[in-house]
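Visitor: Take this sequence and fold it.
(one chain, ligands or ions: 1)
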Amino acid sequence: MAKKKSKTKAKPAKKPARKVAKASAKPAVKKAAAKPAAKNGNGAPRISKKPFGMDGKALDGVRILDFTHVQSGPTCTQLLAWFGADVIKVERPGVGDITRGQLVDVKGADSLYFTMLNHNKRSITIDSKHPQGKRVLDALIKTCDVLVENFAPGALDRMGLTWEYIHKLNPRMIVASVKGFGPGPYEDCKVYENVAQCAGGSASTTGFRDGPPLVTGAQIGDSGTGLHLALGIVSALYQRIRTGRGQKVLCAMQDGVLNLARVKLRDQQRLKHGPLTEYSQYGEGIPFGDAVPRAGNDSGGGQPGRILKCKGAPEDPNAYIYFITQAPVWGPICDLIGEPTWKTDPEFATPRARLPKLNQIFARIEEWTMTMTKFEVMNACNAVDIPVGPILSMKEIAEEESLRATGTVVEVDHPVRGKYLSVGNPIKMSDSITEVERSPLLGEHTDEILTKVLGFKAAEVAEIKNSGALSAPEKKEKAA
Ligand code: COA
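Guide: Numbering: from 1, shown residues only. Next up, the predicted model:
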């Protein structure tokens with residue numbers, strides 16, 4: 001594993017120190033050095049005597065060469081950083097990750113698009129096509145454990161960084177890539193989020209039957225694939241302990257989306273054996289075609305479900321609740337909505353008898369839910385173990401105290417934009433506590449990485465800098 005990164009903070013005069021978000025109620029974690037754990041006689045590490053959460057982080061000692069941009073790759077490397085990896089983000093001089101300047105809300109500051117996807121990383125600017133830039137990249141490849149990239153197909157090779165080249169330089173290096181498509185007819189295509197949602201089967205199965213396909217707000221193509229890639233990387237790191245060598249890890253966005261849309265491929269095969277009885281269109285007597293239809297808000301889990309109005313709807317666009325008529329809680333549902341006879345009436349008592357009457361049943365439940373707010377409905381239902389889902393707006397989520405307390409929503413301070421909200425690590429570990437640090441400014445750690453990580457001497461740093469390999473084109477001209 002690579003040496004632990006220097007925890008030296010940038011000088012406050014030029015670069016304010018990276019503040020750790022105080023959103024979590026957890027105690028501050030003491031940073032542990034990534035020294036190898038003492039071994040027992042059988043070769044296994046001795047059981048730590050430190051309190052949980054005080055013995056470093058899961059990926060301490062792992063160093064990542066982060067060649068990612070936009071959303072999919074950065075999601076992955078941000079997670080690895082939260083687990084303690086030293087993530088060094090390589091960015092193009094002058095512009096950096098294109099998202100720094102996209103959807104800008106505060107003039108002159110890195111966008112939320114960038115800051116919310118690049119916490120806990122260090123940034124170095126390198127022109128990867130410049131010979132001196134290549135020299136720095138080679139040094140990084142030798143010292144890093146994983147290279148993560150999500151360039152367009154072939155871009156890494158065009159930089160001269162083929163798998164063969166990297167593997168020769170550092171046989172332990174894991175090379176992890178996000179691409180739009182896996183090998184096949186579309187492998188050379190550039191792909192963004194919604195392209196993947198469409199190609200992965202999500203869009204064709206999302207929306208209402210009589211409307212067009214829909215993409216979802218959750219970024220299952222980008223962030224979803226980043227999550228998949230992170231799992232591939234930690235698995236490859238684990239395998240490397242045994243084999244000693246790195247490997248290629250590839251996640252195609254189409255594959256990632258399809259993995260998340262798995263239940264719809266399940267339904268595609270069920271179609272051969274008859275109609276999909278839990279889909280509303282079955283109850284409405286509308287025949288099925290030869291492909292899985294869009295199912296509106298029907299539940300994908302085999303239990304009929306709908307989104308129902310609560311008090312305030314439709315004026316309040318989020319005064320709704322997701323209601324599932326799960327068979328085990330049919331009795332309590334009937335009691336709550338004031339239809340106790342439905343518990344024993346053969347027309348309603350069994351799931352099979354209810355299927356053709358779902359419109360009638362949900363209309364009756366909605367009469368009841370409309371008498372209360374979504375939170376009152378939730379309280380009444382949960383009191384008798386009926387799972388329901390209030391439709392939470394992003395405003396409500398941003399203000400939700402319990403999400404702040406767990407560090408799922410964190411407030412982060414940024415030297416240029418000030419305070420902003422971000423989503424913290426959704427994966428909680430008892431012995432690897434996440435501290436959310438602000439995203440780096442463009443090239444903020446260039447000097448630190450050249451000297452402290454790569455060990456270049458002052459004269460070498462000057463030579464590399466004067467070559468223009470680390471600066472924007474206009475500065476290059478001056479340097480020339
Ligand atoms: N120094 C020099 N050149 C650099 C550089 C650096 N530090 N960083 C990037 N570049 C170059 C690349 O080498 C490439 O040059 P080339 O085309 O001559 O080979 C160029 O910048 C553009 O890179 P590319 O990845 O093609 O960016 P793009 O903006 O044209 O396309 C995507 C963006 C996202 C569509 C594309 O990268 C892609 O399909 N990625 C894989 C799928 C993916 O992750 N999509 C979702 C993103 S959220």
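Visitor: From now on I want contacts and neighbour counts done on CA atoms only, so please keep to that.
Guide: Will do.
Visitor: so which strand or helix has Ala313?
Guide: Under the criterion of DSSP states H and E, Ala313 resides outside all helices and strands.
Visitor: Next one: it from Arg92, what distance?
Guide: Look at Ala313 and Arg92: by C-alpha to C-alpha, to the nearest Å, they are 48 Å apart.
Visitor: With neighbour numbers in mind, choose between those two.
Guide: Arg92 (21 against 15; other C-alpha atoms under 10 Å).
Visitor: can I assume the more buried one is in contact with Asp127?
Guide: Yes. Here Arg92 lies in contact with Asp127, judged by C-alpha atoms under 8 Å, at a distance of 5.7 Å.
Visitor: Residues of the chain that sit close to the ligand?
Guide: 70-72, 91-92, 126-129, 150-152, 155, 158-159, 178-180, 190-193, 222 (C-alpha under 6 Å from any ligand atom).
Visitor: Repeat the analysis, applying 5 Å as the threshold.
Guide: When proximity is defined as C-alpha under 5 Å from any ligand atom, the chain approaches the ligand at 70-72, 91-92, 127-128, 150-152, 155, 179-180, 190-192.
Visitor: Are any of the residues you listed buried, and if so which?
Guide: 70-72, 91-92, 127-128, 150-151, 179-180, 191-192 (16 or more other C-alpha atoms under 10 Å).
Visitor: So which of those residues belong to helices?
Guide: Among these, the ones falling in helices (DSSP state H) are Ser72.
Visitor: Nearest to Thr143, out of the buried ones among the residues of the chain next to the ligand: which one, please.
Guide: Using C-alpha to C-alpha, Ser128 is the member of those that lies nearest Thr143, at 16.8 Å.
Visitor: mind checking how far the closest residue to that closest one other than its chain neighbours is from Val175?
Guide: Among residues not flanking Ser128 along the chain, Lys134 sits closest, at 5.6 Å (C-alpha to C-alpha, 6 or more residues apart in numbering). Computed with C-alpha to C-alpha, the distance linking Lys134 and Val175 is 17 Å.
Visitor: of these two, who's got more company?
Guide: Val175 (22 against 18).
Visitor: Mind pulling up the pLDDT for Ala13?
Guide: On the pLDDT scale, Ala13 is placed at 35.
Visitor: do Lys26 as well
Guide: Looking at Lys26, its pLDDT reads 42.
Visitor: Next: Asp431.
Guide: At Asp431, the pLDDT recorded in the model is 98.
Visitor: Also the one 10 residues further on?
Guide: In this prediction, Leu441 carries a pLDDT score of 98.
Visitor: Isn't it up against Lys121?
Guide: No. Taking contacts as C-alpha under 8 Å, Leu441 lies outside contact range of Lys121: 9.8 Å.
Visitor: Looking at these two, which is more packed in?
Guide: Counted by other C-alpha under 10 Å, Leu441 and Lys121 do not tie: Lys121 has more neighbours, with 26 against 20.
Visitor: That one against Ser439, yeah?
Guide: Yes. Counting by C-alpha under 8 Å, Lys121 sits close enough to Ser439 to count as a contact (6.3 Å).
Visitor: For the stretch 251-400 of the chain, give the residue positioned nearest to the ligand.
Guide: Going by C-alpha to the nearest ligand atom, the ligand is nearest to Met253 of the stretch 251-400 of the chain, at 7.1 Å.
Visitor: Can you pull the phi/psi pair for that residue?
Guide: The phi/psi pair for Met253 (degrees, to the nearest 10) reads phi -60, psi -40.
Visitor: Next one: the spatially closest residue to Phe375 that is not a sequence neighbour from Phe323, what distance?
Guide: Among residues not flanking Phe375 along the chain, Pro390 sits closest, at 6.8 Å (C-alpha to C-alpha, 6+ apart). Note on Pro390: its distance to Phe323, by C-alpha to C-alpha, is 9 Å.
Visitor: quick one: which of the two has more around it?
Guide: Phe323 (25 against 20).
Visitor: helix or strand for that one, which one?
Guide: Using DSSP H and E, Phe323 maps to strand 320-324.
Visitor: what about the residue nearest the centre of the chain, is that helix, strand or coil?
Guide: Centroid-nearest residue in the chain: Ser223, 3.8 Å away (criterion: C-alpha atoms, centre = their mean). Classification of Ser223 using DSSP: H, G, I helix; E, B strand; the rest coil returns helix.
Visitor: That one contacts Thr77, correct?
Guide: No. If you go by C-alpha under 8 Å, Ser223 and Thr77 don't touch, sitting 10.9 Å apart.
Visitor: Gln239 belongs to a strand?
Guide: No. Counting by three-state DSSP, Gln239 is not part of a strand but helix.
Visitor: just to revisit the earlier point, just give the nearest non-adjacent residue to the residue of the stretch 251-400 of the chain closest to the ligand, would you?
Guide: Per C-alpha to C-alpha, 6+ apart, closest to Met253 is Gly180, 4.8 Å.
Visitor: residues in contact with that neighbour?
Guide: When contacts are counted by C-alpha atoms under 8 Å, 6 or more residues apart in numbering, Gly180 touches Glu187, Cys189, Lys190, Val191, Tyr192, Ala196, Ala252, Met253, Gln254.
Visitor: how about a cut-off of 7 Å?
Guide: Cys189, Lys190, Val191, Ala196, Ala252, Met253, Gln254 (C-alpha atoms under 7 Å, 6 or more residues apart in numbering).
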